[in-house]
Structures are given as C-alpha cells and as structure tokens.
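In: No sequence on hand, only this structure:
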C-alpha cells in the first residue's frame with residue numbers, strides 16, 4: 001500500500017511539473033552546493049550560474065541562483081562547466097530546477113554556443129566541428145563525485161562525452177566530432 005501511495009505521489013508531481021512553463025538558459029557554473037532539504041525524499045542543491053544566453057525574457061539577470069531537487073546522487077550537469085538548464089517557477093515565483101533536465105554545452109564558436117543531447121540516436125542535424133582537443137580531467141574528477149561507486153575514467157568519459165559526438169584521444173582528452181547550436185538544441189527539446 002505504501003508503494004502505491006508513493007507511486008501516486010510521484011506521478012502527481014510529474015504531471016504537475018510537466019504542465020509548468022519551462023524557462024531555459026545557457027549558463028556557466030559558478031557553484032553547486034548541497035544544502036539541507038525540506039523533504040526527505042529529495043536531495044537539494046543550491047546552484048549559482050552566470051547567465052550566458054537566455055531563451056525567454058523571464059530571466060533578466062546576469063547571475064541566477066536556483067535550487068535543484070533530485071532523489072539521486074549529485075546532479076549530473078555539475079560535471080560540465082557550461083550547460084543549458086531548464087527551470088520552472090514554484091508557487092513563490094522562484095526559479096527551480098525540479099526534474100534536473102539539462103543539455104551539456106561544450107563550445108562557444110563565432111559567438112554561438114554548441115552542445116549535444118546524449119539521448120539523440122544519431123548526428124543528423126549536428127555540425128561537424130574541427131577543433132583542438134578538450135582537456136576533460138577536471139570534468140572527470142567531478143564525475144567521480146557524482147557517481148560515488150568506484151568508476152573507471154573510461155566509463156565516465158563515455159558517459160559524459162559519448163563516442164558519437166567525441167573522439168577519445170588519451171586518458172584526459174577528447175576531440176569534438178559533432179555538436180549542435182544551443183538554439184537548435186533548445187527547439188528540439
């Protein structure tokens with residue numbers, strides 16, 4: 001009976017938040033800090049991001065502070081220095097990142113932000129990018145805090161830098177193969 005009630009609560013929350021207006025922005029991570037949660041079912045994180053690009057006029061500040069709620073480990077987008085993050089507003093009118101949806105943003109080229117959606121099945125609509133190698137050592141170290149189990153670098157690299165978008169060069173470096181502009185990524189979500 002408890003399981004049935006829990007499933008009902010989760011579905012209710014999911015339905016409520018799936019009908020909320022979504023606000024998206026490309027941001028640079030300043031800090032992500034685990035804080036005390038009001039709800040024992042969720043972990044709570046306080047996020048501070050520098051706003052680099054907005055997709056809605058509701059976000060009017062150059063620095064955004066918002067909370068994230070997850071019932072998993074530390075939020076995965078913390079691995080990336082830049083991400084497109086999707087927010088909703090709570091009852092108090094504050095931006096909240098409830099479902100931890102994000103899109104990794106990897107590169108700024110010619111004034112445009114580029115990233116990838118790891119769930120895309122192929123690279124149709126992506127641009128071939130010829131760029132110098134990316135040093136991802138710091139990102140892999142953060143990835144080890146997201147996944148507390150003893151995980152190998154190769155698994156982390158494949159999880160956060162999938163082979164269809166990146167070519168592995170060595171232990172801590174990848175080369176970009178394909179990315180999509182932030183605008184196209186936003187429209188496809």
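Out: Received it, and whenever you're ready, just let me know what you need. Just so we're clear, the structure is a prediction, and the values are computed from it rather than from any experiment.
In: so residue 88 touches residue 98, yeah?
Out: Yes: between residue 88 and residue 98 there is a contact at 5.9 Å, judged by C-beta atoms under 8 Å. Every C-beta, even on glycine, is put in place using the N, C-alpha and C of the backbone.
In: can you list the domain ranges for the chain.
Out: 21-103, 117-188 (automatic domain parsing).
In: now for those domains, which one comes closest to residue 109?
Out: domain 117-188 (7.6 Å; C-beta to C-beta).
In: average pLDDT across the closest one?
Out: The predicted model assigns domain 117-188 a mean pLDDT of 88.
In: Would you mind measuring the gap between the ends of it?
Out: In domain 117-188, first residue to last residue: 9 Å (C-alpha to C-alpha, to the nearest Å).
In: do stretch 139-157 as well
Out: So stretch 139-157: terminal residues 9 Å apart, C-alpha to C-alpha.
In: can you give me the strands for this structure?
Out: 23-35, 43-54, 63-70, 82-89, 95-97, 102-109, 112-115, 127-128, 134-135, 166-170, 173-176, 178-181 (DSSP state E).
In: Work out the gap between the fifth one and the centre of the chain.
Out: Read that as strand 95-97. 13 Å (C-alpha atoms, centre = their mean, to the nearest Å).
In: what do you get for the first one?
Out: Averaging C-alpha positions (C-alpha atoms, centre = their mean) puts strand 23-35 9 Å from its chain's average.
In: quick one: buried residues of that strand?
Out: 23, 24, 25, 26, 27, 29, 32 (16 or more other C-beta atoms under 10 Å).
In: now swap in the fifth one and tell me
Out: Of the residues in strand 95-97, those buried by neighbour count under the rule 16+ other C-beta under 10 Å are 95, 96, 97.
In: list the buried ones in stretch 110-118?
Out: By 16+ other C-beta under 10 Å, the buried positions in stretch 110-118 come out as 113, 114, 115, 116, 117.
In: again with stretch 116-135
Out: For stretch 116-135, by 16+ other C-beta under 10 Å, it's 116, 117, 120, 126, 129, 134.
In: What of stretch 158-178?
Out: 159, 160, 161, 162, 165, 166, 172, 173, 174, 176, 177, 178.
In: In JSON lines, list the buried residues of strand 23-35 along with distance to residue 138 and pLDDT.
Out: Rendered in JSON lines, the data for the buried residues of strand 23-35 read as follows (distance: C-beta to C-beta, whole Å; pLDDT from 0 to 100):
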{"residue": "23", "distance to residue 138": "28", "pLDDT": "90"}
{"residue": "24", "distance to residue 138": "25", "pLDDT": "92"}
{"residue": "25", "distance to residue 138": "22", "pLDDT": "95"}
{"residue": "26", "distance to residue 138": "19", "pLDDT": "97"}
{"residue": "27", "distance to residue 138": "17", "pLDDT": "96"}
{"residue": "29", "distance to residue 138": "11", "pLDDT": "96"}
{"residue": "32", "distance to residue 138": "14", "pLDDT": "91"}
